[in-house]
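Asker: Provide a 3D model corresponding to the input given below.
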Amino acid sequence: MFESLQAAPADAILGLIAEYRDDPRKQKIDLGVGVYRTAAGETPVLDVVKKAERRLVDTQTSKAYISTAGDPAFNAAMQTLSFADAVAGQRLLTIQTPGGSASLRVAAGLLLRARKDAAVWVSDPTWNNHVPLLGGAGLTLKPYPYYDAATRTVHIDAMLDTLRAASKGDVVLLHACCHNPSGIDPNLEQWRAIGEAVVERELLPFIDMAYQGFGTGLDADAFAIRHLAGLVPELLLSTSCSKNFGLYRDRVGTMSVLAKDSKTRDIIASQASSLVRTLYSMPPDHGAAVVSTILNDAELRAAWIVELDAMRERLSGMGKLLQEALQVTAPGHDFSHLARAKGMFCFLGVSPEQVARLKQEFGIYMVGSSRINVAGITSSNVEYLAKSIAAVL
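Answerer: Okay, the predicted model is just below:
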């Protein structure tokens, strides 16, 4: 049966993790792995998550199956977190999914059932799993310009020109905040221009929000969702609780659909349920129950926001810290984008050959595109990191 199979190509990030782990050097830095880390290099369980879990242990009475749509209390809380009161709830559908990846996959299935020939426009660059996940589901993907490597800004004019040339009814995949991998987001004026192009070409916005709260703040990071929801009749949204609640392995996310009316929403709900039943039957409960407990309790929610703010401030601070260190070690080079980037990821802005030298000569690990996770930077390693980068420029 399986004689014809060949080994799949190794995942670049997983390969980096193994190389870093096996590197015997004491002085080494991992800037590749995609999780939040404290200054001590740990990916912690949030204190508020532990409190919610203890409450669940004491009060949960059953581990029976839940529905294909998941926990209604979780879905309602997440819908409010994403949309606030931007649109009437009668037009909104939100279901619980096993992380953001499953949300994207269910959304892809809905798009294929609704209009198989629609193209999905994807930013260049984008998260490395967007293309295999959505393209592998059978969607036709096309790139739109996004990151201008020369200026290290959003290539907004080229992006808008491409979207205005798209076919009516096409789909545009947008990062709500903390663009992965560039870390560079549109400003409010640019988001409004994007909204105008979406309306002009009657495009369907498909928004991926994996980092709400990691950019500027919970409400500011949802600006694109709420703004576009007020402009268009239909919208797709995928969210993840991996980063902002630290629930990576518990796989918690949502998929939301803004429909033109409540009747259409109900039809979409039936199709989503059918897809979920054939993909994973129903989502896992524990992580979503934790999030629901936190969001629906004023004291726990306030404590979560404090912890979330601290994570965001650390990420922002480490980008600025590296930029300041490079002003000293590499004064002839412009790394100001490191201080402007939002969230965990940004491009360092060096060549693949320089990335290879950083790994081989200095034990500094990042993917070939020079995308780095700023959570790997600390006040104790930033001087070594800046000197190493300067040495390969």
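
Asker: just the element for the closest residue to V257 other than its chain neighbours, please.
Answerer: When the adjacent residues along the chain are set aside, V257 lies closest to L93, with 4.6 Å between them (CB to CB, 6 or more residues apart in numbering). Backbone N, C-alpha and C define where each C-beta goes, glycine included. Using DSSP states H and E, L93 maps to strand 92-97.

Asker: need the residues that contact that strand.
Answerer: With contact meaning CB atoms under 8 Å, 6 or more residues apart in numbering, strand 92-97 is reached by 68-71, 74-76, 78-79, 82-83, 103, 106, 238, 252-259, 265, 268-269, 272, 276, 283, 288.

Asker: from those, which ones fall inside strands?
Answerer: S238, G253, T254, M255, S256, V257, L258 (DSSP state E).

Asker: please name the bridge partners of the fourth one.
Answerer: Per DSSP bridges, the residues bridged to M255 are I95, S238.

Asker: before we move on, back to that, now do the strand holding L93 and strand 253-258, the angle between them.
Answerer: Going by axes from the mean of the first three to the mean of the last three CA atoms, to 10 degrees, strand 92-97 is angled at 160 degrees with respect to strand 253-258.

Asker: all strands of the stretch 251-393 of the chain, in order?
Answerer: 253-258, 345-347, 364-365, 371-373 (DSSP state E, counting those that start in this stretch).

Asker: cool, the stretch 51-200 of the chain as well?
Answerer: So, for the stretch 51-200 of the chain - with DSSP E, counting those that start in this stretch - the strands run 92-97, 119-124, 140-145, 147-148, 153-154, 171-175.

Asker: export those to CSV and append columns for distance to G32 and mean neighbour count.
Answerer: What follows is those, written out as CSV (distance: least, CB to CB, whole Å; neighbours: other CB atoms under 10 Å):
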stretch, distance to G32, mean neighbour count
strand 92-97, 26, 26
strand 119-124, 21, 20
strand 140-145, 24, 16
strand 147-148, 19, 18
strand 153-154, 24, 18
strand 171-175, 20, 25
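
Asker: hey, where'd the helices end up in the stretch 51-200 of the chain?
Answerer: In the stretch 51-200 of the chain, the helices defined using DSSP state H, counting those that start in this stretch lie at 72-83, 99-114, 130, 136-137, 156-164, 188-201.

Asker: and of the ones you listed, who's closest to A229?
Answerer: helix 72-83 (6.2 Å; CB to CB).

Asker: for the closest one, name the packing helices and strands.
Answerer: Other elements packing on helix 72-83 under the criterion 3 or more CB pairs under 8 Å, 6 or more residues apart in numbering; DSSP states H and E are strand 92-97, helix 223-229, strand 235-240, strand 253-258, helix 286-295.

Asker: out of those, flag the one nearest N180.
Answerer: strand 235-240 (11.0 Å).

Asker: ok, and what's touching that closest one?
Answerer: Contacts of strand 235-240 (CB under 8 Å, 6+ apart): 78, 82, 97, 99-100, 103-104, 107, 110-111, 171, 204-212, 225, 228-229, 252-258.

Asker: run through the stretch 151-300 of the chain and note the low-pLDDT ranges.
Answerer: Scanning the stretch 151-300 of the chain for pLDDT under 70 picks out no residues.

Asker: the helix ranked longest in the chain: which residues count as buried?
Answerer: Taking DSSP state H as the assignment, the helix of the chain that covers the most residues is helix 298-329. Within helix 298-329, the residues that count as buried by 16 or more other CB atoms under 10 Å are 300, 303-305, 307-308, 311-312, 314-316, 318-323, 325-326, 329.

Asker: before we move on, the earlier item: closest one to F2 among the helices of the stretch 51-200 of the chain?
Answerer: helix 136-137 (19.8 Å).

Asker: so what secondary structure elements neighbour that closest one?
Answerer: For helix 136-137, the packing partners by 3+ CB pairs under 8 Å, 6+ apart come out as helix 99-114.

Asker: with just CA atoms, put the strand holding L93 into PDB.
Answerer: Output of strand 92-97 as PDB, limited to C-alpha atoms (Å, rounded to 0.1, in the frame of the first residue of the first chain):
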ATOM      1  CA  LEU A  92     -23.100  36.800  12.900                       C
ATOM      2  CA  LEU A  93     -22.200  33.100  13.200                       C
ATOM      3  CA  THR A  94     -19.300  32.100  15.500                       C
ATOM      4  CA  ILE A  95     -18.200  28.500  16.100                       C
ATOM      5  CA  GLN A  96     -15.500  27.100  18.200                       C
ATOM      6  CA  THR A  97     -12.600  25.400  16.400                       C
END
